[in-house]
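Peer 1: Okay, here's the prediction I keep looking at, along with the sequence it came from:
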Amino acid sequence: MRVNKILLIGLLCLLLLGTMSGLSQAEQRDIYIGDLIKLQIAGNVAPEEIKEKFSEFEIVDLEQQESGYQLTVRTFALGQKVVQLGDKKIRIDVKSTLDKYKERQKVFAGDLKVQEPDFKWQWSYLLYVLGALVIIIASYYIWQWWKNRAQEEVTPYQSFQQRLTAAAEAEDYFVALTYALKRYLEQTFNCRIIGKTSTEIIAEVEEISALEEHLAALEDWLQQVDYYKYTTAEADGEEQEKLAAELKKIVDEIEKQEQVVK
């Protein structure tokens, strides 16, 4: 459980890092001829002044907003342009898509063969994967929380009664009865006895003072059940009901004692 929490925190950090890196990449994107350039202009600036300052650009749109204006421009001229707007300098470096071919001296060789498009890595791929993992792990925790909450609403005694009733449909009746007893004792007295033999169970519960009065009855019942579990003897319906009734009586007495203590 602790490892899953660490993994979830790590994924959230990676998701945040990926988002920041993606934003950084977006901010550093090169501007080419004909690209639409969107600028947020805040402050008390008149639209006439904005148009005048960006007169070297083609003004595509000037939209008034609550915090100022959103200006959309483009240009077909290369080079760096500096616009002084109030006390701010806006530098826009416009590049050509042919810049990377300037140093190439050889003639391009023609090829009529259709080429497969190159795979281009994008940060959005990583964000999608991390986002999906975060959703999966978060869903798992929500499911565990809901499951544990539902289990907490059922008392150990109520769980015992449910298992006692369900034992009639179990493949091995006495194994189901023994499991119902073990789970009740574990949940009520915070001990670990599932997977232990009857002798080991008695040795474990001997340390629990609240069960001192019930040790003899528990040991006798476990011995009777072991007889049918580990021999070829078969119990008829009457014997099964008798042992189930004895178990319920023992647990009822333990539960009654626990309620008095509480």
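Peer 2: All right, it came through fine.
Peer 1: Chain neighbours aside, what residue packs nearest to I37?
Peer 2: V73 (5.2 Å; C-beta to C-beta, 6 or more residues apart in numbering). All C-beta atoms are positioned from the backbone trio N, CA, C, and that covers glycine.
Peer 1: Show me what the helix or strand harbouring that neighbour is packed against.
Peer 2: Using DSSP states H and E, V73 sits in strand 68-74. With contacts taken as 3 or more C-beta pairs under 8 Å, 6 or more residues apart in numbering; DSSP states H and E, strand 68-74 sits against strand 37-42, helix 47-53, strand 58-65.
Peer 1: Show me which positions of the second one end up buried.
Peer 2: It stands for helix 47-53. 50, 53 (16 or more other C-beta atoms under 10 Å).
Peer 1: Report the distance from that helix to the chain centre.
Peer 2: Distance of helix 47-53 from its chain centroid, counting by C-alpha atoms, centre = their mean, to the nearest Å, is 51 Å.
Peer 1: what's the answer for stretch 41-50, then?
Peer 2: For stretch 41-50 - counting by C-alpha atoms, centre = their mean - the centre lies 47 Å from the chain centre.
Peer 1: Straight-line length of it, end to end?
Peer 2: End-to-end span of stretch 41-50 (C-alpha to C-alpha, to the nearest Å): 9 Å.
Peer 1: Report the mean per-residue pLDDT for that stretch.
Peer 2: For stretch 41-50, mean pLDDT is 83.
Peer 1: Kindly report the same for stretch 164-181.
Peer 2: On average, stretch 164-181 scores 94.
Peer 1: List the buried residues in that stretch.
Peer 2: 164, 167, 173-174, 176-178, 180-181.
Peer 1: between those residues, which is nearest V45?
Peer 2: A180 (78.5 Å; C-beta to C-beta).
Peer 1: Name the SS class of that closest one, please.
Peer 2: helix (DSSP: H, G, I helix; E, B strand; the rest coil).
Peer 1: again, but for the one 3 residues further on
Peer 2: Classification of R183 using three-state DSSP returns helix.
Peer 1: how much space between Q223 and F174?
Peer 2: 12 Å (C-beta to C-beta, to the nearest Å).
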